[in-house]
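A.B. asks: Sequence unavailable; structure follows:
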């Protein structure tokens, strides 16, 4: 597994320096959380970039109110490339696929969750103006992961090109 993570780090590094937005899709577990917080984030810092890690979308409010320009005024934009690593990212791209698959759970996303996700998407869009983003999207089943890896090409929140990796 370590070799797979090293290959993934190489792919992420290349994508960051091409200013691509990245989605890591897969089942989530403690090993992956350790990889993100103890390997990926420090590696990004070592690449001459500055990594900002957020456990989930709610934590983006720690930057202050959008737009986040007040937070970034303290930084010289030429000094370091900013990369935002956002764990527990939720997307709607596969909403109909999931609703069909789990038809006994309708609606798949309740109204409160939809509102929360829509708010997160606004924050994701805003933060992407300040640097590259790495989003971790959890899906439990192999077919759900494969669907996103094969079909997802742009971020939902601002339609920017995205690179999707199996995680």
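C.D. replies: That came through fine. Quick caveat: nothing in here was measured; it's all calculated off a predicted structure.
A.B. asks: And the strands in the protein, which stretches?
C.D. replies: Secondary structure of the chain (DSSP state E): strands at 21-26, 49-54, 81-89, 132-138, 162-166.
A.B. asks: between the first one and strand 132-138, how many degrees?
C.D. replies: When you say that, I think you mean strand 21-26. Here strand 21-26 runs at an angle of 20 degrees relative to strand 132-138 (axes from the mean of the first three to the mean of the last three C-alpha atoms, to 10 degrees).
A.B. asks: before we move on, what about the third one?
C.D. replies: On the basis of the same axes, to 10 degrees, strand 81-89 is oriented at 10 degrees to strand 132-138.
A.B. asks: coming back round to it: could the strands of the chain go into JSON lines alongside distance to residue 14, mean pLDDT and mean neighbour count?
C.D. replies: Placement of C-beta: from N, CA and C, glycine included. Converted to JSON lines, the strands of the chain look like this (distance: least, C-beta to C-beta, whole Å; pLDDT from 0 to 100; neighbours: other C-beta atoms under 10 Å):
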{"stretch": "strand 21-26", "distance to residue 14": "10", "mean pLDDT": "95", "mean neighbour count": "22"}
{"stretch": "strand 49-54", "distance to residue 14": "13", "mean pLDDT": "88", "mean neighbour count": "18"}
{"stretch": "strand 81-89", "distance to residue 14": "13", "mean pLDDT": "90", "mean neighbour count": "21"}
{"stretch": "strand 132-138", "distance to residue 14": "11", "mean pLDDT": "94", "mean neighbour count": "23"}
{"stretch": "strand 162-166", "distance to residue 14": "9", "mean pLDDT": "95", "mean neighbour count": "17"}
